[in-house]
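Build the 3D model from these lines:
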Amino acid sequence: MIKVRGWQVNPYEIEEAIKEHFADVKDCAVVGVEHGADGHRPKAFVVGDVDRNDVINFVKERFISYKHLCGVEILNEIPRTPSGKIMRAKLSGCLNPLLG
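Sure, this is the predicted structure:
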């Protein structure tokens, strides 16, 4: 869960909505990143041929304001454990070596 201004945000809910809406999204992960006075905000990491602004605007139209994304990064793959779980800690840092 991501805590935004006292509200709990389930990243899975946003991930599934993005994957269902965008046919070219092969994989997606949403993590909380530090964002000023809000504490944390959701940020999406997406695998696929999609425009960042399209993803941001889709989430704005579909979800309440505290669930809006503070950004979208396009990756070649989402880091996962051998059992297939998303390695969210690798994605949550601001200076992320995965982003090149």
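
buried ones in the helix or strand where His40 lies?
Assigned by DSSP states H and E, His40 falls within strand 40-48. By neighbour count with 16 or more other Cβ atoms under 10 Å, strand 40-48 contains the buried residues His40, Arg41, Pro42, Lys43, Ala44, Phe45, Val46, Val47, Gly48. The way it works is simple: take the backbone N, C-alpha and C, and place the C-beta from them, glycine included.

what residues does stretch 62-72 touch?
Contacts of stretch 62-72 with the rest of the structure, by Cβ atoms under 8 Å, 6 or more residues apart in numbering, involve 4-5, 7, 9, 13-14, 17, 21, 30, 33, 35, 38, 41-46, 52, 55-56, 59-60.

Quick check: end-to-end length of that stretch?
Distance across stretch 62-72, first residue to last, is 16 Å (Cα to Cα, to the nearest Å).

Just the buried residues of it, please?
Neighbour-count burial for stretch 62-72 [16+ other Cβ under 10 Å]: Phe63, Tyr66, Lys67, His68, Leu69, Cys70, Val72.

Please enumerate the strands of this structure.
Assigned by DSSP state E, the chain shows strands spanning 2-4, 7-9, 25-34, 40-48, 72-75.

out of those, nearest to Ala89?
Distance to Ala89, taken as Cβ to Cβ, is lowest for strand 25-34 among these, at 8.4 Å.

Okay, now the unreliable bits of this protein?
For the chain, residues meeting the criterion pLDDT under 70 lie at 38, 93-100.

can you do 80?
Residue ranges of the chain with pLDDT under 80: 37-38, 93-100.

Report the central residue of it.
Residue closest to the average C-alpha location in the chain (Cα atoms, centre = their mean): Ala44, at 1.9 Å.

Can you tell me the closest non-neighbouring residue to it?
Spatial nearest neighbour of Ala44, chain neighbours left out: Val72 (4.7 Å); criterion: Cβ to Cβ, 6 or more residues apart in numbering.

thinking again about what came up before, okay, and the beta partners of the residue nearest to the centre of the chain?
Going by DSSP bridges, Ala44 is paired in beta bridges with Val30, Val72.

Am I right that it is in contact with Ile18?
Yes: between Ala44 and Ile18 there is a contact at 6.4 Å, judged by Cβ atoms under 8 Å.
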